[in-house]
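*Asks:* Turn this into a structure:
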Amino acid sequence: MGVLRYSSRHQRLDRSFLTERLHNALAYDRIAGYFSSSLFEVVGEALESVAGPIRIVCNSELHPLDVQTAKAAKMAVWRAWAGSEPEKLLDGTAEDRIRSRFQRLYQLLKSGKLQVHVLPDEAFGLIHGKAGVITLADGSKTCFLGSANESKSAWQLNYELVWEDPSPDAVAWVQEEFDALWGSSFAIPLSEAVVQDIERLSRRRVIHTIDDWLTAPGEGAQPDPASAIIETPVYRKEVGLWEHQKYFVKLAFDSHCGPAGRARFVLADQVGLGKTVQLAMAAELIALTGNRPILVICPKTLLWQWQGEMRDLLDMPSAVWDGRRWVDERGFEYPVMGPEGIRKCPRKVGIVSSGLIIYGSEAALQLLNMQFDCVILDEAHHARRRNLGENRDHEQAEPNNLLGFMYQLAERTGSLLMATATPVQLRPIEAWDLLDVLSRGDESVLGNLYSYWRDPVRALDLVMGRARLPDSIDERWEWTRNPMPPKAEGHGFEIIRRQLEIADSQAVVPGDYYGHLSAPGQARLFNLFPRLMEDHNPFIRRIVRRTRQQLEIQIDPETGEPLIKPIGVVLHGEEERDALRLPSYLREAYELAEIFCQKLGGRLQGSGFLKTLLLRRVGSSIQAGMLTAIRLLGDWRSLEPIEDEEDVIEISDRLNQLAPDTHKTLTDEERTLLERFIASLEANQENDPKYAVVVNACATGVG
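*Replies:* Numbering: from 1, shown residues only. Purely as a prediction, here's the structure:
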């Protein structure tokens with residue numbers, strides 16, 4: 001048999017050629033076209049009757065750098081697949097037929113009969129050549145070459161040409177080309193994530209209303225969070241969530257939908273691990289399950305970042321209160337409505353500045369007249385005690401405006417999520433204070449008013465190992481029962497709850513229930529106590545903290561690579577030769593700052609911290625040093641924290657610790673020194689040495 005020529009002008013190519021050749025074929029190697037469409041449309045060929053294997057190589061807009069590690073390669077293939085928006089194929093009149101194709105494709109891939117390699121365009125250029133080798137039922141081989149790609153239009157509608165040649169030379173030539181592409185070091189096996197997404201698409205049903213989503217699992221069942229987020233941009237355009245992010249979102253959502261009906265956690269992940277998207281996704285899911293609004297409180301500098309991430313990563317509408325009006329995700333400004341307008345957010349999710357609360361604005365007070373399904377407080381470490389000094393009893397330390405406000409707001413919301421990279425700024429009791437906020441309106445956090453956990457000093461001494469564990473079974477019972485860990489904690493708590501017939505919805509077990517425990521149950525409780533203090537105390541259960549270092553050493557079982565890719569950092573300026581020479585004008589400013597702090601310390605014991613903070617501000621930038629000094633010239637009480645200026649916030653709190661009871665001001669001598677300090681910086685603010693180094697580094701490409 002010689003060369004056979006096929007033209008769509010004379011016959012249907014899919015019927016006259018492919019169907020006949022693939023029927024009962026033993027194997028099929030195919031050089032296809034573009035990855036996403038090829039993978040789907042090729043199932044239109046008669047592949048089920050092929051004994052196997054079926055191997056397809058296609059190209060994609062990947063970059064060679066994407067294939068340097070297995071994890072990067074899988075993510076790159078996923079981005080290419082999701083970016084093609086395959087779910088849109090199901091939005092039409094042929095939905096059932098295409099869903100059936102997805103199901104067939106999934107079965108072929110899952111069984112291993114169909115194997116796919118994806119090749120970056122840059123490896124061999126865009127693959128326009130379409131060819132294949134078919135091993136026929138009798139063991140003979142044939143090959144084909146032509147303009148037809150793997151689409152319905154190519155094989156059935158378009159004008160296409162295909163040449164078939166069964167000669168050994170032709171077959172060997174096409175096979176060699178296929179093997180070169182298939183075995184290329186740049187070729188990436190299809191990601192399991194893509195295979196699972198194809199399976200999802202084969203079952204995909206469009207949910208038209210929130211009620212449909214809520215009731216889809218059946219009566220009393222929790223709605224499926226994955227179905228609500230799998231087609232958000234963070235999954236379809238990005239790489240989805242990291243495992244540690246999925247954990248927190250699930251933890252918050254399960255808790256909100258669980259027996260207690262609320263989620264109360266502090267998310268204390270290290271900087272750079274994506275706290276915002278975790279909180280935003282948890283808020284999105286909570287918003288779908290309830291009718292009350294969601295409130296996000298964050299520093300002023302983060303307002304638009306919050307709105308942007310919600311919009312760009314989650315397709316989530318929200319509105320920002322800019323101090324006078326609401327501004328939605330489209331940038332539309334709603335009419336000025338006065339302070340009461342903050343209660344009329346045009347979106348279910350409202351984002352407000354913590355500065356409103358810090359300065360005690362009337363608009364912030366309006367929030368205390370509302371009820372929320374969820375409140376999120378970002379940069380929660382700003383909520384702390386105002387005058388918690390080294391020698392001051394914690395009971396004498398007053399909450400600052402933000403902490404006091406959160407105590408009230410916590411009782412007006414179901415779920416409360418707080419985020420901070422540093423849950424302890426100065427003293428461990430600050431971590432307890434955050435739990436105290438979570439506990440308002442929720443006994444499962446620290447128990448009821450009679451709980452031992454309500455005594456912060458006693459609780460912290462135990463969990464930090466500064467006090468011996470009690471030997472008394474009565475005392476161990478009190479620490480354990482109020483609140484009792486839920487069944488999910490395991491380690492015997494499930495057995496105790498079951499024996500006492502106490503559901504998870506009941507946080508505090510009555511004190512006399514100890515007598516209801518069997519002798520083995522009482523022994524179990526006694527022996528569980530060290531584990532309670534080490535792994536199941538409220539600090540561990542309610543404060544979720546992961547560091548980059550922890551995630552860099554945890555191995556993903558699927559790829560064998562770290563959950564988070566280690567980042568090699570080269571620090572510039574660590575060597576002595578890299579140090580910046582201090583200009584004379586800055587040297588003078590430093591000296592004036594030191595003298596000022598010495599004078600202040602002479603009359604206020606414990607003010608040595610101010611020298612470090614003030615000089616650190618100058619070291620940050622001339623502008624930062626000037627701002628701090630200018631504010632110090634005013635009344636100390638006016639230094640109520642300026643959001644997003646960490647050092648100024650600390651100076652404010654610490655000055656109020658030194659003089660909490662009066663409106664202390666600077667002496668004339670101290671004021672003169674501070675004014676000279678400001679004048680020295682002001683005269684040279686255009687000559688900031690750090691700024692000059694940064695500009696030079698950018699210009700030369702260093703750093």
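*Asks:* Can you dump the C-alpha atoms of the helix ranked longest in the chain in PDB for me?
*Replies:* Across the chain, the longest stretch assigned as helix under DSSP state H is helix 584-603. Coordinates of each C-alpha in helix 584-603 appear next as PDB, following Å, rounded to 0.1, in the frame of the first residue of the first chain:
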ATOM      1  CA  SER A 584      28.300  65.300  59.800                       C
ATOM      2  CA  TYR A 585      24.700  66.600  59.800                       C
ATOM      3  CA  LEU A 586      23.300  63.200  60.800                       C
ATOM      4  CA  ARG A 587      26.100  62.800  63.400                       C
ATOM      5  CA  GLU A 588      25.000  66.000  65.000                       C
ATOM      6  CA  ALA A 589      21.300  64.800  64.900                       C
ATOM      7  CA  TYR A 590      22.300  61.600  66.600                       C
ATOM      8  CA  GLU A 591      24.200  63.500  69.300                       C
ATOM      9  CA  LEU A 592      21.200  65.800  70.000                       C
ATOM     10  CA  ALA A 593      18.900  62.700  70.200                       C
ATOM     11  CA  GLU A 594      21.200  61.100  72.800                       C
ATOM     12  CA  ILE A 595      21.300  64.200  74.900                       C
ATOM     13  CA  PHE A 596      17.500  64.600  74.700                       C
ATOM     14  CA  CYS A 597      17.000  61.000  75.900                       C
ATOM     15  CA  GLN A 598      19.500  61.500  78.700                       C
ATOM     16  CA  LYS A 599      17.700  64.500  79.900                       C
ATOM     17  CA  LEU A 600      14.300  62.800  79.700                       C
ATOM     18  CA  GLY A 601      15.700  59.700  81.500                       C
ATOM     19  CA  GLY A 602      17.000  61.900  84.300                       C
ATOM     20  CA  ARG A 603      13.500  62.700  85.400                       C
END
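*Asks:* Mind giving me the packing neighbours of that helix?
*Replies:* Contacts defined by 3 or more C-beta pairs under 8 Å, 6 or more residues apart in numbering; DSSP states H and E place helix 584-603 against helix 608-620, helix 668-682. Using the backbone N, CA and C atoms, a C-beta is placed for each residue, glycine as well.
*Asks:* and the ones you listed, which one is worst for confidence?
*Replies:* Of all the helices and strands packed on helix 584-603, mean pLDDT reaches its minimum on helix 608-620 (a mean of 64).
*Asks:* after that helix, next one along is what?
*Replies:* Per DSSP states H and E, the first helix or strand lying C-terminal to helix 608-620 is helix 622-632.
*Asks:* the inter-axis angle of that next one versus helix 668-682?
*Replies:* For helix 622-632 against helix 668-682, the angle by axes from the mean of the first three to the mean of the last three C-alpha atoms, to 10 degrees is 160 degrees.
*Asks:* still on that earlier bit, buried residues, the longest helix of the chain. List them.
*Replies:* Across helix 584-603, burial judged by 16 or more other C-beta atoms under 10 Å covers 586, 588-590, 592-593, 595-597, 599-601.
*Asks:* Just send those residues back as JSON lines, with pLDDT and distance to residue 118 too.
*Replies:* As requested, the buried residues of helix 584-603 are arranged in JSON lines below (pLDDT from 0 to 100; distance: C-beta to C-beta, whole Å):
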{"residue": "586", "pLDDT": "73", "distance to residue 118": "56"}
{"residue": "588", "pLDDT": "79", "distance to residue 118": "64"}
{"residue": "589", "pLDDT": "78", "distance to residue 118": "60"}
{"residue": "590", "pLDDT": "78", "distance to residue 118": "59"}
{"residue": "592", "pLDDT": "81", "distance to residue 118": "64"}
{"residue": "593", "pLDDT": "78", "distance to residue 118": "60"}
{"residue": "595", "pLDDT": "82", "distance to residue 118": "68"}
{"residue": "596", "pLDDT": "80", "distance to residue 118": "65"}
{"residue": "597", "pLDDT": "76", "distance to residue 118": "63"}
{"residue": "599", "pLDDT": "77", "distance to residue 118": "70"}
{"residue": "600", "pLDDT": "72", "distance to residue 118": "66"}
{"residue": "601", "pLDDT": "69", "distance to residue 118": "67"}
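*Asks:* Going by distance to residue 528, which of these wins?
*Replies:* The closest of these to residue 528 turns out to be residue 601 (C-beta to C-beta; 50.5 Å).
*Asks:* domains of this protein?
*Replies:* The chain breaks down into these domains under automatic domain parsing: 4-201, 228-423, 576-700.
*Asks:* To residue 214, which of those lies closest?
*Replies:* Of all these, it is domain 228-423 that lies closest to residue 214, at 6.8 Å by C-beta to C-beta.
*Asks:* Could I get the average pLDDT for that closest one?
*Replies:* Domain 228-423 comes out at a mean pLDDT of 89.
*Asks:* Same check on stretch 464-482?
*Replies:* Averaging pLDDT along stretch 464-482 yields 93.
*Asks:* try stretch 119-126
*Replies:* 66.
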